[in-house]
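Chemist: Quick one, structure for this:
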Amino acid sequence: MTKLRSLIFRELKICRKLYIIRFPFLIAFFVFAVGGTFLFTGLFTELLQKDNFVSSFTELFSMLVMLYSTVLFSVDNTFKSDLNSGWNSYSYALPITASERAAVTLIRFIGTLGISVLLGMGCIAVINAIAGTQFRIGCVIFQFILLDLLLLSRIIIDFFVLRARNTDEYKKFQDKGSLICIAVIVCIVVVMLKCAGFDFSALFNSSSSEPLSLNVFSMLTGDMLLWLIPLTLVLFAAYYSVIRYRLQYAYPGETRTKSNAPRSDARTRAAGASQREIDLSAPHSEPVGFLYKEIRQNAKSVCAVILLPFLILIFLTGCIAIVSLNGEHGDGWIVTTLTSTTIRVVSAALGFLCVGGLLLSVFHGDDKKLWAYFVASAPMGVSRFLYTKYVLSFAMCGLYFVSSYIAETLLAAISRFALGEELVSFGGIFIIIFFVLILQNSFLIPMMLRFGEKKGSIINIMIILCIAIAAVLVLSFLPAEIQNKVFEWLTGFLTGDHGGLTSLLLGIFPAFSVGAYILSYKVSCRIFMKGVNEYDK
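Modeler: Numbering: from 1, shown residues only. Take a look at the predicted model:
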């Protein structure tokens, strides 16, 4: 037991910063959900079908709370930190068994996840008390389903990741496991919704006068616990087995023999000779060289930005087609659903979030002290390096705008030829998204350069979350008349039916975003070296 306590203390000490940051995020999200419940409960007071609207939004907030509280502590950086520090290789020389390694990982996982889930359940109870709805057994069933899906994802990902013995293998195995995990989880969720009889068309049928009703919890009965609890225990046992199996050996795989040792030495000498023959007089600090390096380094992200709108549409079309199998729908239901306003807004929102993440990846791998000092040693190296970064980020935002416009044109063509209907253009929304991304990068890039990629991203997320929480809380305490005016302005803003002041703000916003982007470049050049000491942490 002493050995287990020591190992648990070591891992908790490694993860202490992660937990210190994530628990405030969890509490902040709970405050956001409670404030949103206050707000929407007040908005639906005068509606005829108030109970249906309140029940649906309460169920939606409850699902978001359960999802966030489950996923937030599902991943940690302990194993990656052990690879970077060399502890993983050194620990195999210590009297630590694979069973002890697996037990420590599982105990820490259950402890942090259990605390997070219990806090989420308490928040759901508060949400139901505010809305005047009843806490149903379906919440518990849904939490078990999320927990089982999380365990299945950890089993799949860790089956690959725990094989890694260096950071390069870690990244490769993590990407492979994540892709397989996403495919498996999506298939399972779609099959579960189909087997449960979930009416997918009701979510996107804009012609229906009935209020939006999820009714997910009503489909979940207490009898499901009879097989969910044993399934959860089996998944925990399988997760323990995967960890124990993968952590048995320091270097799994084939062993090197004496016959191939000289060959590897020859390769090492050849690689060293080729590195020594680098032409130091080459203009490595020229903008063209930096731009070539950025394009080669971020080629996958650039391609993903171009294909993202089409991939989102293909994904949504596949989900609609699978869920609508054997269903009673009219002709052209898939096209009607795909071209509905709800789907298009969801696609734009997903695209905005995904592009924001892809723009962050532009700086992935460059927040290293060695690279920063190399750039600073070149003539005007810092300014030219950052210039190419800003140009590439701006170009990726532009490519996403062009690709979104093409996808929107394709949807309009499909709707025109298949249904004979004209779609309302979302071109104005995509223009706004383009300049919002530019403005977001204006604040995000200096933060990442000053505090490093990890800390900078966390600080930006905290700022955005604080602004969202403040907006929801302020709206929830405003009088109903002012709330109605705010929502009318937002509706007119999206439909294009806005006044002169809004038109003036829309005209100023692009110039303001570009000006902030240029100013951000100047600031980044000044603070670049100040943030070098925060790298590699």
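Chemist: drop to CA atoms for contacts and neighbour counts, all remaining ones
Modeler: Noted.
Chemist: Gly420: neighbouring residues, count only.
Modeler: Counted with other Cα atoms under 10 Å, residues neighbouring Gly420 total 11.
Chemist: start at 36 instead
Modeler: OK, 36 is where the count begins now, so the last one is Gly455.
Chemist: Let me see the contact set for it.
Modeler: Residues touching Gly455, when contacts are defined by Cα atoms under 8 Å, 6 or more residues apart in numbering, are absent altogether.
Chemist: residue ranges of the helices in the stretch 186-335 of the chain, please?
Modeler: When assigned using DSSP state H, counting those that start in this stretch, the helices of the stretch 186-335 of the chain occupy the ranges 202-230, 236-239, 260-281, 296-311, 322-332, 334-358.
Chemist: Dump these into CSV; add distance to Gly391 and mean neighbour count as well.
Modeler: Conversion of these to CSV gives the following (distance: least, Cα to Cα, whole Å; neighbours: other Cα atoms under 10 Å):
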stretch, distance to Gly391, mean neighbour count
helix 202-230, 19, 15
helix 236-239, 26, 16
helix 260-281, 32, 16
helix 296-311, 36, 11
helix 322-332, 18, 16
helix 334-358, 10, 17
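Chemist: ok, of those, where does mean pLDDT dip lowest?
Modeler: Between these, the one with the least mean pLDDT is helix 296-311; it has a mean of 46.
Chemist: quick one on the thing from earlier: mind checking which of the helices of the stretch 186-335 of the chain is nearest Phe170?
Modeler: Nearest to Phe170 among the helices of the stretch 186-335 of the chain is helix 260-281; the distance by Cα to Cα comes to 16.6 Å.
Chemist: mind exporting that closest one as PDB, just the C-alpha atoms?
Modeler: The C-alpha coordinates for helix 260-281 follow below in PDB (Å, rounded to 0.1, in the frame of the first residue of the first chain):
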ATOM      1  CA  LEU A 260     -29.600  -0.100 -15.200                       C
ATOM      2  CA  LEU A 261     -29.700  -3.900 -15.000                       C
ATOM      3  CA  TRP A 262     -27.400  -4.100 -18.000                       C
ATOM      4  CA  LEU A 263     -25.600  -0.700 -17.800                       C
ATOM      5  CA  ILE A 264     -24.100  -1.300 -14.400                       C
ATOM      6  CA  PRO A 265     -22.500  -4.700 -15.300                       C
ATOM      7  CA  LEU A 266     -21.400  -3.200 -18.700                       C
ATOM      8  CA  THR A 267     -19.700  -0.400 -16.800                       C
ATOM      9  CA  LEU A 268     -17.900  -2.800 -14.500                       C
ATOM     10  CA  VAL A 269     -16.800  -4.900 -17.500                       C
ATOM     11  CA  LEU A 270     -15.400  -1.800 -19.300                       C
ATOM     12  CA  PHE A 271     -13.500  -0.800 -16.100                       C
ATOM     13  CA  ALA A 272     -12.000  -4.300 -16.000                       C
ATOM     14  CA  ALA A 273     -11.200  -4.100 -19.700                       C
ATOM     15  CA  TYR A 274      -9.600  -0.700 -19.200                       C
ATOM     16  CA  TYR A 275      -7.400  -2.000 -16.400                       C
ATOM     17  CA  SER A 276      -6.400  -5.000 -18.500                       C
ATOM     18  CA  VAL A 277      -5.400  -2.800 -21.400                       C
ATOM     19  CA  ILE A 278      -3.200  -0.600 -19.200                       C
ATOM     20  CA  ARG A 279      -1.600  -3.600 -17.500                       C
ATOM     21  CA  TYR A 280      -0.900  -5.300 -20.800                       C
ATOM     22  CA  ARG A 281       0.600  -2.300 -22.500                       C
END
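Chemist: ok, Ile165 to Thr93 distance?
Modeler: Applying Cα to Cα, to the nearest Å, the value for Ile165 to Thr93 is 9 Å.
Chemist: so what's in contact with the two at the same time?
Modeler: Among the neighbours of Ile165, those also in contact with Thr93 (Cα under 8 Å, 6+ apart) are Thr72.
Chemist: Neighbour count: those two, which is higher?
Modeler: Each of Ile165 and Thr93 had its neighbours counted (other Cα under 10 Å), and the higher figure belongs to Thr93 (25 against 15).
Chemist: quick one, phi/psi of Thr374?
Modeler: Its backbone dihedrals place Thr374 at phi -100, psi 10, with angles given as degrees, to the nearest 10.
Chemist: how about it, what does it touch?
Modeler: Under the criterion of Cα under 8 Å, 6+ apart, the contact list for Thr374 reads Leu446, Ala447, Ser450, Leu458.
Chemist: how far away is Met101 from Gly149?
Modeler: Counting by Cα to Cα, the gap between Met101 and Gly149 amounts to 12 Å.
Chemist: okay, those two: which has more neighbours?
Modeler: For the pair Met101 and Gly149, the greater number of neighbours falls to Met101 (25 against 15), based on other Cα under 10 Å.
Chemist: Where does the more buried one fall, secondary structure wise?
Modeler: Taking DSSP states H and E as the definition, Met101 sits inside helix 85-106.
Chemist: quick revisit: are any of the contacts of Thr374 buried, and if so which?
Modeler: Of the members of the contacts of Thr374, the ones counted as buried by neighbours, 16 or more other Cα atoms under 10 Å, are Leu446, Ala447, Ser450, Leu458.
Chemist: any chance of these in a markdown table, with distance to Ile349 and secondary structure too?
Modeler: Compiled in a markdown table, those are given as follows (distance: Cα to Cα, whole Å; DSSP: H, G, I helix; E, B strand; the rest coil):
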| residue | distance to Ile349 | secondary structure |
| --- | --- | --- |
| Leu446 | 12 | helix |
| Ala447 | 15 | helix |
| Ser450 | 16 | helix |
| Leu458 | 19 | coil |
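Chemist: Looking at those, spot the one nearest Ala413.
Modeler: For Ala413, the nearest member of those is Leu446. The distance, counting by Cα to Cα, is 48.9 Å.
Chemist: Leaving out the residues flanking it, which one is nearest to the closest one?
Modeler: Nearest in space to Leu446, with sequence neighbours left out and distances taken as Cα to Cα, 6 or more residues apart in numbering, is Thr374 at 6.4 Å.
Chemist: And what about the nearest residue to Ala160 once chain neighbours are set aside, helix, strand or coil?
Modeler: Distance criterion Cα to Cα, 6+ apart; nearest residue to Ala160, sequence neighbours excluded, is Phe170 at 6.5 Å. Taken by DSSP: H, G, I helix; E, B strand; the rest coil, the conformation at Phe170 corresponds to coil.
Chemist: count of residues packed around Phe170?
Modeler: The criterion is other Cα under 10 Å. On that basis, Phe170 has 16 neighbouring residues.
Chemist: Met259 is in contact with Ile176, isn't it?
Modeler: Yes - applying Cα atoms under 8 Å, one finds Met259 in contact with Ile176, separated by 7.2 Å.
Chemist: Please say which of those two ends up with more neighbours.
Modeler: Under the neighbour definition other Cα under 10 Å, Met259 and Ile176 were set side by side, and Ile176 has more, 20 against 13.
Chemist: can you give me phi and psi for the more buried one?
Modeler: Reported as degrees, to the nearest 10, the phi and psi values for Ile176 are phi -60, psi -40.
Chemist: now Met415
Modeler: When read as degrees, to the nearest 10, the backbone of Met415 gives phi 50, psi 30.
Chemist: Against Ser438, how distant is Tyr274?
Modeler: Applying Cα to Cα, the value for Tyr274 to Ser438 is 41 Å.
Chemist: host element of Ile180?
Modeler: Using DSSP H and E, the secondary-structure element containing Ile180 is helix 172-196.
Chemist: Just the buried residues of that helix, please?
Modeler: Across helix 172-196, burial judged by 16+ other Cα under 10 Å covers 173-196.
Chemist: what about that helix, average pLDDT?
Modeler: On average, the pLDDT along helix 172-196 is 88.
Chemist: Touching, Ala138 and Tyr275? I think so.
Modeler: Yes - between Ala138 and Tyr275 there is a contact under Cα under 8 Å: 7.2 Å.
Chemist: Identify the contacts common to those two.
Modeler: Residues touching both Ala138 and Tyr275 do not exist when contact is defined as Cα under 8 Å, 6+ apart.
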